[in-house]
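> can't give you the sequence, but here's the structure:
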Ligand SMILES: NC(=O)c1ccc[n+]([C@@H]2O[C@H](COP(=O)([O-])OP(=O)(O)OC[C@H]3O[C@@H](n4cnc5c(N)ncnc54)[C@H](OP(=O)(O)O)[C@@H]3O)[C@@H](O)[C@H]2O)c1
């Protein structure tokens, strides 16, 4: 597996998002299934694993930590905290420490390589968060820190206080809003960019059917690209990916990931899957190299294709979860 650098951390070019093992796509998997899948990912060269305190109320951290225990010193482990409201600077430091200690306990470790602020509300100055992160880095409890779904302005302000290691935000062929400002800012400042939902929550794999149905707190119930009309309307995009996949002896998912890997070596996607063969497929995208001509053709064809539907934080919140 090729590696990339995000800030001071060396990680596999494709990581693994663990969220779906516990929430977001119907029933989660068992601890032993999760361990089998995460260890297989490691055996295939994956060294970058992503979880959050909020995934299944901490259960996802427990399952990820248990799976990684024997290989803990060989991987980069990222988790996230969320704080809302308007805490004072002193309350903020205390609250973040309490949350980090709880995460470390669930993960069964004494530090994480990467600690993200899961959302960046305007009610808390980013400088205050960044100052606390600097203290945690000095104490060795975290090696680096990041923001998720931050604006360019928030990134620049935070980075000036304690340099960011990574920004993790939604990015895929179907959601390119951060190309305008956030991704160029990350490149300029030497911050890694970690696309979440890089397969557009599975849409880009081409394995979604218009008559698939979803129940409970499944994100595909509220992500409008899964609306039946939109599935049909987005077919030209899948035709494009399938065409390139055939040409390259790859799959649509691999072309989707190879496309973003081609955009810059500071970009490290973290696709998630509950199936080992799909994890293997997704990690295999690191070996699918697009030539400049192929990349240019994909870009120019994409420019002619309209995308129907999207994923928004507001829609996900209607399910009562933070993804
Ligand atoms: N920071 C944030 O706010 C935030 C938000 C969302 C996600 N994340 C992180 O990003 C990670 C990935 O994002 P995500 O789960 O939202 O979206 P994703 O990785 O784009 O898609 C996951 C979905 O695609 C399916 N899938 C994956 N690979 C496949 C393949 N090769 N063929 C067919 N289906 C495939 C999975 O189903 P199966 O399991 O059935 O294969 C699952 O339904 C999460 O695990 C989480 O760690 C972070």
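Sure thing, it's come through. This one's a predicted model, so the numbers in the text were calculated from it and none came from an experiment.
> residues contacting the residue of the stretch 1-150 of the chain found nearest the ligand?
In the stretch 1-150 of the chain, the residue found nearest to the ligand is residue 17; the distance is 2.2 Å by CB to the nearest ligand atom. Just so you know, the C-beta spots here come from the backbone N, C-alpha and C atoms, and that holds for glycine as well. Taking CB atoms under 8 Å, 6 or more residues apart in numbering as the criterion, residue 17 is in contact with 50, 196, 270, 271, 272.
> Contacting the ligand as well, which ones from those residues?
For the ligand, the contacts drawn from those by CB under 6 Å from any ligand atom are 50, 196, 270, 271, 272.
> what's the most distant pair in these?
50 and 271 (10.1 Å; CB to CB).
> Which among the contacts of residue 17 count as buried?
50, 196, 270, 271, 272 (16 or more other CB atoms under 10 Å).
> List, one by one, the residues from the stretch 151-300 of the chain near the ligand.
Checking the stretch 151-300 of the chain against the ligand by CB under 6 Å from any ligand atom, the hits are 168, 196-202, 205, 207, 253, 270-275, 278, 281-282.
> Next SSE downstream of the strand or helix carrying residue 259?
For residue 259, the enclosing helix or strand under DSSP states H and E is helix 252-262. Next in sequence after helix 252-262, counting helices and strands by DSSP H and E, comes helix 276-283.
> Tell me which stretches of this structure form strands.
Per DSSP state E, the chain carries strands over the ranges 3-6, 9-12, 16-17, 48-50, 76-81, 112-117, 142-148, 166-170, 192-196.
> how near is residue 274 to residue 232?
26 Å (CB to CB, to the nearest Å).
> Residue 141 is in contact with residue 100, isn't it?
Yes - using CB atoms under 8 Å, residue 141 makes contact with residue 100 at a distance of 6.2 Å.
> shared neighbours, these two?
residue 112.
> Counting neighbours, go ahead and name the busier of these two.
Neighbour tally, residue 141 and residue 100, criterion other CB atoms under 10 Å: the higher count belongs to residue 100, 21 against 17.
> The more buried one: what's it in contact with?
Residue 100 neighbours (CB under 8 Å, 6+ apart): 81, 112, 115, 136, 141, 142.
> Please enumerate the helices of the stretch 101-250 of the chain.
For the stretch 101-250 of the chain, applying DSSP state H, counting those that start in this stretch gives helices covering 126-138, 152-161, 182-189, 228-233, 235-248.
> Would you reformat the ones you listed as CSV and include mean neighbour count and mean pLDDT?
CSV is the format used below for the helices of the stretch 101-250 of the chain (neighbours: other CB atoms under 10 Å; pLDDT from 0 to 100):
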stretch, mean neighbour count, mean pLDDT
helix 126-138, 18, 98
helix 152-161, 18, 98
helix 182-189, 18, 98
helix 228-233, 14, 94
helix 235-248, 17, 97
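> in the sheet, who's paired with the most centrally placed residue in the chain?
Per CA atoms, centre = their mean, the C-alpha nearest to the average position across the chain is that of residue 196, at 2.8 Å. Taking DSSP bridges as the rule, residue 196 bridges to residue 170.
> Please tell me how far it sits from residue 178.
Here residue 196 is placed at a distance of 11 Å from residue 178 (CB to CB).
> what residues are shared contacts of these two?
Contact criterion CB under 8 Å, 6+ apart; residues shared by residue 196 and residue 178: 169, 170, 171.
> Distance from stretch 8-25 to the middle of the chain?
6 Å (CA atoms, centre = their mean, to the nearest Å).
> Can you give me the buried ones in that stretch?
Result for stretch 8-25 [16+ other CB under 10 Å]: buried residues 9, 11-25.
> same deal with stretch 265-283?
266-274, 276, 278-279, 281-283.
> do stretch 190-208 as well
Buried positions in stretch 190-208, judged by neighbour count with 16+ other CB under 10 Å: 191-206, 208.
> Stretch 34-51 now?
34-35, 37-38, 40-42, 44-51.
> What of stretch 162-182?
Neighbour-count burial for stretch 162-182, counted by 16+ other CB under 10 Å, picks out 162-175, 178, 182.
> Stretch 89-105 too?
Neighbour-count burial for stretch 89-105 flags 92, 93, 96, 99, 100, 103, 104 (criterion: 16+ other CB under 10 Å).
> Let me see the mean pLDDT of it.
Stretch 89-105 comes out with an average pLDDT of 97.
> And it, how far out from the chain middle?
Chain-centre distance of stretch 89-105: 23 Å, with CA atoms, centre = their mean.
> Same question for stretch 83-90.
Per CA atoms, centre = their mean, the centroid offset for stretch 83-90 relative to its chain is 25 Å.
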